[in-house]
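K.L.:
Please work out how this folds:
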Amino acid sequence: MVNTQLFQTLKGALLPAATARNAEQAPAYAFGPRHQLAQLAATGCLSQTFYANSEDQLDQVTALTKEVEAAFVAKTAIYARQSGHMKDMPALLAAGLAVRDVALLNQVFSRVVDDGKMLRNFVQILRSGAVGRKSLGRRTQHLLRVP
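P.N.:
So this is what the prediction gives:
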């Protein structure tokens, strides 16, 4: 006879309980802040979707960028732009770095803000005050100068 305590079948094993609720209030599993930010950066569009509106997505992204380390935000911005081919999300993440760590923004700026449309998005997001300030600041203005 096989020890059923050691060798449980899927029918007998219990799945872990759900730890959160999704947008439709169905049981779900909560992700950590880094995972949430990476998922939003790769799939988020900062506009109305079936489950979320643009303001909720913006609030969630800005809260997550304050929660995770700045280096992860920088890496996520690069990935979202170069691999995900996103437009608004990398600009938002870069604008968050302009508030939080301008030295790190200086390192990743050319990889994230790589054309005129991205530059326009970046400046518009900063000037809107969505990331916590409405001015570019001297160090950020220096990044915008053409060599």
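
K.L.:
Look up phi and psi at residue 48.
P.N.:
Residue 48 has phi and psi values of phi -60, psi 130 when expressed as degrees, to the nearest 10.

K.L.:
So which residues of the protein form helices?
P.N.:
Using DSSP state H, the helices of the chain run over residues 33-43, 54-67, 70-82, 88-100, 102-112, 116-128, 138-144.

K.L.:
Now the longest one: buried residues?
P.N.:
Yep, that's helix 54-67 we're talking about. 57, 58, 61, 62, 64, 65 (16 or more other Cβ atoms under 10 Å). The C-beta positions use only the backbone N, C-alpha and C, and glycine is treated the same way.

K.L.:
now, which of those residues sits nearest residue 107?
P.N.:
For the buried residues of helix 54-67, the closest approach to residue 107 (Cβ to Cβ) belongs to residue 65, at 16.5 Å.

K.L.:
Return the per-residue confidence for the closest one.
P.N.:
Listed pLDDT for residue 65 reads 95.

K.L.:
So which of the helices of the chain is the most surrounded?
P.N.:
helix 88-100 (a mean of 25; mean count of other Cβ atoms under 10 Å).

K.L.:
Just want the angle from it to helix 33-43.
P.N.:
140 degrees (axes from the mean of the first three to the mean of the last three Cα atoms, to 10 degrees).

K.L.:
Quick one: mean pLDDT for helix 88-100?
P.N.:
95.

K.L.:
which helices and strands sit right next to that helix?
P.N.:
helix 33-43, helix 54-67, helix 70-82, helix 102-112, helix 116-128 (3 or more Cβ pairs under 8 Å, 6 or more residues apart in numbering; DSSP states H and E).

K.L.:
do that again at 6 Å, thanks
P.N.:
If you count contacts as 3 or more Cβ pairs under 6 Å, 6 or more residues apart in numbering; DSSP states H and E, helix 88-100 packs onto helix 70-82, helix 102-112, helix 116-128.
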